[in-house]
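K.L.:
I need the structure of the sequence given here:
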Amino acid sequence: MTAINLISNCTMKPSSRFLLIGRKKSSFLSRCHHHSLTMSNKPLVLNLNHKTMHYPSSIFQFGRLMNGFQQVLRLPSWNLCHSTTCLRIRATKTERVSCIDGVSFKAREFSNSVETKGRGDGEDTKEKNCDGLKNCDEEETDVEKEAWKLLQKALVTYCDTPIGTVAANDESDKGSPLNYDQVFIRDFVPSALAFLLKGEKEIVKNFLLHTLQLQSWEKTVDCYSPGQGLMPASFKVKTMEFDDKETGEVLDPDFGESAIGRVAPVDSGLWWIILLRAYGKLTGDYTLQEKLEVQTGLQMILNLCLSDGFDMFPSLLVTDGSCMIDRRMGIHGHPLEIQALFYSALRSAREMVIINDEHSNLVGEINNRLSALSFHIREYYWLDMRKVNEIYRYKTEEYSLDATNKFNIYPEQIPMWLMDWVPEEGGYLIGNLQPAHMDFRFFMLGNLWAIVSSLGTPRQNKSILNLIESKWDDLVGEMPLKICYPALEHEEWRLITGSDPKNTPWSYHNGGSWPTLMWQFTLACIKMGRTDLAEKAVGLAEKRLPFDSWPEYYDTKTGRFIGKQARLFQTWTLAGFLASKMLLKHPEIASLLCWDEDLDILESCVCVLNKSGRTKCSRDVAKSHILV
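P.N.:
Purely as a prediction, here's the structure:
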């Protein structure tokens with residue numbers, strides 16, 4: 001008989017940190033025991049205080065220990081006894097729902113598949129997937145071979161199954177790894193892309209399923225507990241010893257409670273959705289996204305992002321440090337990076353979500369938000385010389401529905417560096433927009449992802465790459481690519497960053513150069529027919545990265561020095577390089593990872609201003625940008 005013990009101390013609020021699925025002894029066969037159990041189709045019996053509940057094994061294939069085992073079973077915490085409880089699971093052939101102490105419950109159900117909806121071009125996409133790239137007889141350079149070896153070395157296993165890659169594998173930093181020995185959702189995306197392009201899909205599938213099970217389920221009012229639907233920033237595989245001296249592996253997630261600044265990750269769930277879509281597109285395997293548990297997790301993320309609040313804008317309101325720029329950098333509010341990822345995640349979800357009676361309005365909500373967000377970013381975040389001149393002549397304190405200066409931006413906010421920096425044939429999306437505040441800095445990730453997702457118009461996307469080409473020395477220099485430009489300096493640096501010693505000017509997130517951004521730059525260039533720019537950038541990186549031991553980031557205005565606190569053998573640095581190289585070899589694959597312009601989004605004006613007594617809708621202004 002196969003048995004698993006889940007231990008919970010009910011005398012205090014149980015920990016929500018661990019996912020405990022299997023236990024293992026020292027022998028190899030014992031370590032593999034978890035795998036053989038979770039793949040079984042036999043139902044399981046739960047014995048608790050001599051009362052029996054029966055559930056299919058798939059529950060515990062994806063089950064987790066969140067706020068104690070009562071969360072696995074969807075039980076309220078007050079229903080449990082005040083003593084240490086042992087939950088033993090054994091195989092049986094029966095299935096039914098019972099109750100504990102008079103309280104009926106039903107565990108979250110999981111299935112191998114659900115009824116699918118028509119996906120339009122899904123079959124064509126399946127035929128075009130890149131599953132066969134691994135069989136292509138291509139010559140790899142010595143640098144690529146070294147990068148693949150390092151990527152394999154960075155693999156993390158859970159119960160003898162690969163589930164991700166560590167953030168960095170710096171041998172000289174073993175004594176103080178901080179959280180670089182963990183698997184980050186955002187960091188794993190370029191690794192996943194490299195594996196998928198190589199035809200190795202199982203690790204990506206494992207990652208998607210295991211991180212899904214770390215997702216927060218229960219709504220709480222405890223400010224130290226994650227909100228429902230939140231995905232962790234990272235997780236770590238830990239080995240724990242139990243009362244019987246046996247050991248077992250657990251997944252320990254971090255929702256921000258251990259992070260610097262204690263900020264919850266807004267982007268993790270968005271990246272998870274984007275990666276889920278990429279998995280289906282690149283493998284042709286859509287059964288994963290059609291699983292009930294995956295659909296449930298997807299909808300929980302959407303509910304978290306689409307929930308009503310006090311904000312009047314369609315963009316997501318977030319705090320500093322909640323995305324790739326994980327330190328205080330003055331990006332609180334509505335940073336472009338989050339809006340571009342949010343838009344991409346919504347477009348991804350619209351392709352994958354399965355409509356049923358319970359969620360019949362979800363696609364409508366997604367379309368409404370896409371329409372409003374697209375208009376908002378294209379119209380109000382866009383900056384070129386024409387827009388700068390318009391802002392320069394703004395009138396302030398305008399109170400009307402037809403105001404030109406809708407956000408009360410003062411012309412004095414225009415920085416001096418901007419006047420001569422924006423080229424005539426280029427432009428970009430600004431970093432942030434709030435009442436009486438425009439962040440004029442150029443943020444690379446948000447602008448690149450706006451191109452990839454078609455958040456920007458075709459004309460705007462072309463102008464962004466024109467600007468990068470025109471300002472190559474500023475934004476690329478000797479190592480691609482600047483995360484933002486320009487850096488905060490002097491008194492502005494002291495006030496905005498809090499005198500952060502890691503974010504000194506032209507270092508780390510304050511104007512540092514991040515090679516991992518190459519794969520997104522490559523995607524954007526291929527989409528816009530500018531592979532020459534991507535090849536130039538990747539060529540620069542290929543000459544230096546292996547020589548410098550694949551560092552996390554580079555310092556100085558031109559990216560000349562290795563970052564003063566940069567970890568070496570940074571996984572997403574080498575994975576981003578590998579993904580870029582493979583995309584350049586197979587540019588046709590890039591179309592599976594990008595989104596084309598969707599004119600239907602522009603046709604639906606969700607505000608319906610003409611029906612609310614308002615006389616003018618400015619959506620036609622945004623539509624005019626479509627004409628190239």
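K.L.:
Neighbouring strands of whichever strand or helix holds Lys236 in the sheet, and parallel or not?
P.N.:
Element membership for Lys236, per DSSP states H and E: strand 234-241. The partner list of strand 234-241 in its sheet, established with DSSP bridges, is strand 183-184 (antiparallel), strand 247-254 (antiparallel).
K.L.:
Serialize these to a markdown table and add fields for mean neighbour count, mean pLDDT and distance to Lys174.
P.N.:
Just so you know, the C-beta spots here come from the backbone N, C-alpha and C atoms, and that holds for glycine as well. Listed next are those as a markdown table, based on neighbours: other C-beta atoms under 10 Å; pLDDT from 0 to 100; distance: least, C-beta to C-beta, whole Å:
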| stretch | mean neighbour count | mean pLDDT | distance to Lys174 |
| --- | --- | --- | --- |
| strand 183-184 | 26 | 97 | 17 |
| strand 247-254 | 21 | 91 | 19 |
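K.L.:
Surely Ile338 is in contact with Pro265?
P.N.:
No. The pair formed by Ile338 and Pro265 falls short of the contact definition of C-beta atoms under 8 Å, at 10.6 Å.
K.L.:
Enumerate the positions of stretch 276-289 that are buried.
P.N.:
Across stretch 276-289, burial judged by 16 or more other C-beta atoms under 10 Å covers 276-286, 288-289.
K.L.:
Surely Ala194 and Leu150 touch.
P.N.:
No. The pair Ala194 and Leu150 does not pass the contact test of C-beta under 8 Å, sitting 11.3 Å apart.
K.L.:
who has more neighbours, these two?
P.N.:
Ala194 (27 against 21; other C-beta atoms under 10 Å).
K.L.:
so what's the more buried one up against?
P.N.:
Applying C-beta atoms under 8 Å, 6 or more residues apart in numbering to Ala194 gives the contacts Leu151, Ala575, Leu578, Ala579, Met582.
K.L.:
ok, these vs Arg350, which is closest?
P.N.:
The shortest separation between Arg350 and any of those is 24.7 Å, and it belongs to Ala579 (by C-beta to C-beta).
K.L.:
For that closest one, which non-adjacent residue is spatially closest?
P.N.:
With C-beta to C-beta, 6 or more residues apart in numbering as the measure, Trp519 is the residue that lies nearest to Ala579, at 4.0 Å, once sequence neighbours are left out.
K.L.:
On the three-state scheme, that neighbour is what?
P.N.:
helix (DSSP: H, G, I helix; E, B strand; the rest coil).
K.L.:
That one contacts Gly576, correct?
P.N.:
Yes. Under the criterion of C-beta under 8 Å, Trp519 lies in contact with Gly576, with a separation of 4.4 Å.
K.L.:
Give me the number of neighbouring residues for Asn405.
P.N.:
The local packing count at Asn405 equals 17, with neighbours defined by other C-beta under 10 Å.
K.L.:
ok, it to Glu398 distance?
P.N.:
Here the distance between Asn405 and Glu398 works out to 5 Å (C-beta to C-beta, to the nearest Å).
K.L.:
Likewise for Leu488?
P.N.:
Look at Leu488 and Glu398: by C-beta to C-beta, they are 30 Å apart.
K.L.:
Which residue of the two possesses the greater neighbour count?
P.N.:
Between Leu488 and Glu398, counting by other C-beta under 10 Å, Leu488 is the more crowded of the two (23 against 12).
K.L.:
Just the element for the more buried one, please.
P.N.:
When elements are defined using DSSP H and E, Leu488 is found to belong to no helix and no strand.
K.L.:
Leu401 too?
P.N.:
Of the helices and strands defined by DSSP H and E, none includes Leu401.
K.L.:
Return the per-residue confidence for it.
P.N.:
Turning to Leu401, the model gives it a pLDDT of 83.
K.L.:
Phi, psi for it please.
P.N.:
The phi and psi torsions at Leu401 (degrees, to the nearest 10) take the values phi -70, psi -20.
K.L.:
Lys581 against Ala537, yeah?
P.N.:
No. In terms of C-beta under 8 Å, Lys581 does not count as a neighbour of Ala537; the distance is 11.6 Å.
K.L.:
closest to Glu492 out of the strands paired with strand 234-241?
P.N.:
Closest approach to Glu492 among the strands paired with strand 234-241 (C-beta to C-beta): strand 183-184, 29.5 Å.
K.L.:
Could you export the helix or strand just after the closest one as PDB, CA atoms only?
P.N.:
Taking DSSP H and E as the definition, the helix or strand that follows strand 183-184 towards the C-terminus is helix 185-198. Provided in PDB are the C-alpha atoms of helix 185-198 (Å, rounded to 0.1, in the frame of the first residue of the first chain):
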ATOM      1  CA  ILE A 185       9.100  32.400 -12.800                       C
ATOM      2  CA  ARG A 186      10.300  35.400 -14.800                       C
ATOM      3  CA  ASP A 187      13.800  34.100 -15.000                       C
ATOM      4  CA  PHE A 188      12.800  30.700 -16.200                       C
ATOM      5  CA  VAL A 189      10.900  32.100 -19.300                       C
ATOM      6  CA  PRO A 190      14.000  32.400 -21.500                       C
ATOM      7  CA  SER A 191      15.200  29.000 -20.300                       C
ATOM      8  CA  ALA A 192      11.800  27.600 -21.200                       C
ATOM      9  CA  LEU A 193      11.900  29.200 -24.600                       C
ATOM     10  CA  ALA A 194      15.400  27.700 -25.200                       C
ATOM     11  CA  PHE A 195      14.200  24.300 -24.200                       C
ATOM     12  CA  LEU A 196      11.100  24.500 -26.300                       C
ATOM     13  CA  LEU A 197      13.000  25.600 -29.400                       C
ATOM     14  CA  LYS A 198      15.300  22.700 -28.800                       C
END
